[in-house]
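>>> Predicted coordinates and the sequence they were generated for:
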Amino acid sequence: MTDSPDDRRGVVTPEPDGGRRLVFRRSWPDPIDDVWSALTDNERTVHWIGTYAGERGSGGTGTFSMTHEAGDEGMPMTIVECEPPRRLVLQWPEPLSWRVELDLTEEEGRTVLVFTQVLPGVDGLGDIATGWHWYLDGLDAELTGGPRPPEWDEFVAQLGPVYAPDRS
């Protein structure tokens, strides 16, 4: 992985049903167990995305609170699949109806994360993709000790047009 924003950018592709698949690929020299910990342990996730309270493991239900979302009291969430340290699939119910898949592999001495979300259409896609990019840059900072992503407004000004070119 390089520091180029293009290398960290999510790729959006159309689905046959009109939905959109959003995929981010990130990698680090850290061991897979360390990356898994950064994705799942509240002591680490609080620094880049938020915390989860509830049952752990496949089928577990609980509440996910995003640290950087104003007034977020938490959202219900289900852990659809949990296969440490390789795969985590999360589902948020209505009104979001989001399913996020996080897959970790080891390739050439690096741990690779493939983040996938399939959305039913294009509504909100630019904001969703920009948001996940921002959070994944936060994960990168958690793992590397590098700089955190800029504040949201600055980040959107820099990267928002990449995901939503018609954004004014």
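Now that the structure is in, tell me what you want to look at.
>>> what sits up against the one helix or strand residue 155 maps to?
Assessed by DSSP states H and E, residue 155 sits inside helix 152-163. Outside of helix 152-163, the residues within contact range by CB atoms under 8 Å, 6 or more residues apart in numbering are 5, 9-10, 12, 68, 125-127, 129-130, 133-134, 137, 149-150, 167. For glycine as for every other residue, the C-beta is placed from the backbone atoms N, C-alpha and C.
>>> chain center to it: distance?
Relative to its parent chain, helix 152-163 has a centroid offset of 16 Å by CA atoms, centre = their mean, to the nearest Å.
>>> got the buried residues for that helix?
155, 156, 159, 160, 162, 163 (16 or more other CB atoms under 10 Å).
>>> For the longest helix seen in the chain, which helices and strands make contact with it?
Ranked by residue count, the top helix of the chain under DSSP state H comes out as helix 125-144. Using 3 or more CB pairs under 8 Å, 6 or more residues apart in numbering; DSSP states H and E as the contact test, the elements touching helix 125-144 are helix 5-8, strand 20-28, helix 32-40, strand 110-119, helix 152-163.
>>> quick check: mean pLDDT across that helix?
The pLDDT scores in helix 125-144 average 94.
>>> cool, and stretch 21-35?
Stretch 21-35 comes out at a mean pLDDT of 97.
>>> now stretch 111-121
94.
>>> May I see the buried residues of that stretch?
By neighbour count with 16+ other CB under 10 Å, stretch 111-121 contains the buried residues 111, 112, 113, 115, 116, 117, 118, 119.
>>> Neighbours of the residue nearest to the third one when sequence neighbours are not counted, how many?
Looking back up the chat, that one is residue 113. Using CB to CB, 6 or more residues apart in numbering and skipping the chain neighbours, the partner closest in space to residue 113 is residue 26 (4.8 Å). Residue 26 has 19 neighbouring residues, counting by other CB atoms under 10 Å.
>>> Quick check: residue 26 touching residue 115?
Yes. With contact defined as CB atoms under 8 Å, residue 26 counts as touching residue 115 (7.4 Å).
>>> which residues are common contacts for those two?
Joint contacts of residue 26 and residue 115 (CB under 8 Å, 6+ apart) are residue 136.
>>> and the buried residues of helix 152-163 as TSV, adding pLDDT and distance to residue 91?
Formatted as TSV, these follow (pLDDT from 0 to 100; distance: CB to CB, whole Å):
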residue	pLDDT	distance to residue 91
155	91	27
156	89	27
159	84	27
160	80	27
162	84	27
163	83	23
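>>> returning to what we had before: mark which of the contacts of helix 152-163 are buried, thanks.
Here, 16+ other CB under 10 Å leaves 10, 12, 125, 126, 129, 130, 133, 134, 137, 149 buried among these.
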